[in-house]
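> Sequence first, predicted model second:
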Amino acid sequence: MSSDTGLAITATSSPKSDVGGSENNDLLDGLRHILAEQSHLFACGGDIPIREPKGPDLDKTSGDEACAKLSLPTVQGEAGLDRLLQHARPATFGRGGQDVYDESYRKALQMDPATFCTTFEPYSVGIIDAVAQVLLPSVSDSTTHRAVRAELYKLNIYSGPSRKFKPHVDTPRSSSQFGSLVICLPVKHTGGHLKVRHKEQEVVFDWSADQDKPDHDRIRWAAFYSDCEHEVLEVTSGHRLTLTYNLYAVRGAGRLTGVSPTLNPVHLPLFQALKEVLSQDPFGCQGGTLGFWCSHSYAYNHTEETPLPATLKGVDAVLWESFQALNLDPKIAPVITMSEDIREMFPSTMPCEWIIGHKFGVHVDSHLQVESLEEYHETYQRWGSYNRESVHWLTTPKESEPQLVFTAYGNEATTEAMYSNCAILVKIPSRQ
Ligand SMILES: O=C(O)CCC(=O)C(=O)O
Ligand SMILES: [Fe+2]
């Protein structure tokens, strides 16, 4: 099966003419099996038209000669390509933990990214988004907020009449690498089909140009899981130029608070404001706890997700980053507010308004039978701790979530729930 446009996912059930009746369950069962196994989800690809006035450039940047530029698709004939070929080196591949050169296995030239640069990059044309959508592996606690990082690995040149790369799998460069991306540059060639296989399925990316397909002014691409066997068939004429990228699964937007590799909180306007206020010692040498009720809603009691603080967003994220940059130690926790009438009844056992949870997650106390208000005390203590110091709240609570579920006995038993709000708390040390 061959596919060089759109997203290519093969199906192998042999076609039958009548697929409408319920008796054709073999066909549907085949499809059900495919979907259950997900054995057909291993590759995708597509193409991008080259917009005017031209395609990407390749510049040779190293060596003692002046920089040489090759504009694609080639308008200057073969001269630019020949110059590129002169500076490429024979391509090796990994075998038994070593880089080896073996023309019977891989016959190609290659260049390292340090020796050339290109105006092509796969993000702005949407390739990385498409790959993330189709191939990014999901794990149970983070089906969202993951992103793909593509790292340019090599420029490969397979020239006719016999360059090729026999079946192999790509060596993962790290545990987060999940895939490989191949970009076929718009240089005319025949042959050189890329075949990718997985669990007896095969998809073929045919990027050759011939009389039936004269339009070759497109950039073609394929991405696949790195552990899929793949090969490049012999190029029979012309030059097949590909850029290869390693694809990594990384933390994406929405899961970066506290761990962003590039954000510098010092440049956040709120950081400056906090620093200014704290430098003026708002608690008069005493120290104290600052509290901030989160302004966005988070599914913080969801058992599968353990997202906070990484998924804090907006002002919540900015505050977290700023406290950390000020070398303070912010905590995030569910907080239950105890009503005044309960506190008034039991001032010694339940002294304060705020109970701060030890961890996220709904606490179901089916054994506890709360027959008197005092027994709340035990429930609270099991779940969190009283905040005996006063908290200087900077905001008012917004979204609350069920937190403690228990059985209460009055005239008849009822199931009740207490609600918590999510808060960021930070202790400001005393200056004494
Ligand atoms: O150029 C291609 O199509 C793929 C090359 C390849 O498989 C590799 O460099 O590992
Ligand atoms: Fe490969």
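Thanks, I have it. From a predicted model like this one, the values you see are computed outputs, not experimental measurements. Ligands and ions are numbered 1, 2, ... in the order given.
> all helices of the chain, in order?
Assigned by DSSP state H, the helices in the chain fall at 25-37, 79-87, 127-135, 269-279, 314-325, 340-345, 375-383.
> Now stretch 398-412 - C-alpha only, PDB.
Coordinates of the C-alpha atoms in stretch 398-412 are reproduced here as PDB (Å, rounded to 0.1, in the frame of the first residue of the first chain):
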ATOM      1  CA  LYS A 398     -13.800  30.700  44.200                       C
ATOM      2  CA  GLU A 399     -14.200  27.100  43.000                       C
ATOM      3  CA  SER A 400     -14.700  24.400  45.600                       C
ATOM      4  CA  GLU A 401     -14.600  20.600  45.300                       C
ATOM      5  CA  PRO A 402     -16.100  17.700  47.300                       C
ATOM      6  CA  GLN A 403     -13.400  16.700  49.800                       C
ATOM      7  CA  LEU A 404     -14.700  14.700  52.800                       C
ATOM      8  CA  VAL A 405     -17.500  12.200  52.300                       C
ATOM      9  CA  PHE A 406     -18.900  10.700  55.400                       C
ATOM     10  CA  THR A 407     -22.100   9.300  57.000                       C
ATOM     11  CA  ALA A 408     -23.900  11.500  59.500                       C
ATOM     12  CA  TYR A 409     -26.400  10.100  61.900                       C
ATOM     13  CA  GLY A 410     -29.200  12.300  63.100                       C
ATOM     14  CA  ASN A 411     -32.800  11.200  63.000                       C
ATOM     15  CA  GLU A 412     -31.800   9.100  60.000                       C
END
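> which stretches of the stretch 51-200 of the chain aren't confidently modelled?
Within the stretch 51-200 of the chain, the segments meeting pLDDT under 70 span 52-55, 57, 59-66, 75-77, 137-145.
> Please name the bridge partners of the closest residue to His230 other than its chain neighbours.
Leaving aside its sequence neighbours, His230 sits nearest to Val196 (CB to CB, 6 or more residues apart in numbering; 4.4 Å). No exception for glycine: its C-beta is placed from N, CA and C like everyone else's. Going by DSSP bridges, Val196 is paired in beta bridges with Val203, His230.
> Comparing the helices of the chain, which comes out most buried?
Most buried of the helices of the chain, by mean neighbour count (mean count of other CB atoms under 10 Å): helix 314-325, with a mean of 20.
> Tell me which residues are up against that helix.
257-258, 260, 263, 265-266, 268, 270-271, 274-275, 292, 294-296, 309, 312, 329-330, 332, 424, 426 (CB atoms under 8 Å, 6 or more residues apart in numbering).
> residues in contact with the residue of the stretch 151-300 of the chain found nearest ligand 1?
Residue nearest to ligand 1 within the stretch 151-300 of the chain: Thr242 (3.6 Å; CB to the nearest ligand atom). Contacts for Thr242 (CB under 8 Å, 6+ apart) come out as Leu155, Asn156, Tyr158, Val182, Ile183, Cys184, Leu185.
> Residue numbers of the stretch 101-250 of the chain in contact with ligand 1?
Asn156, Phe165, Asp170, Val182, Leu194, His230, Val232, Thr242, Thr244 (CB under 6 Å from any ligand atom).
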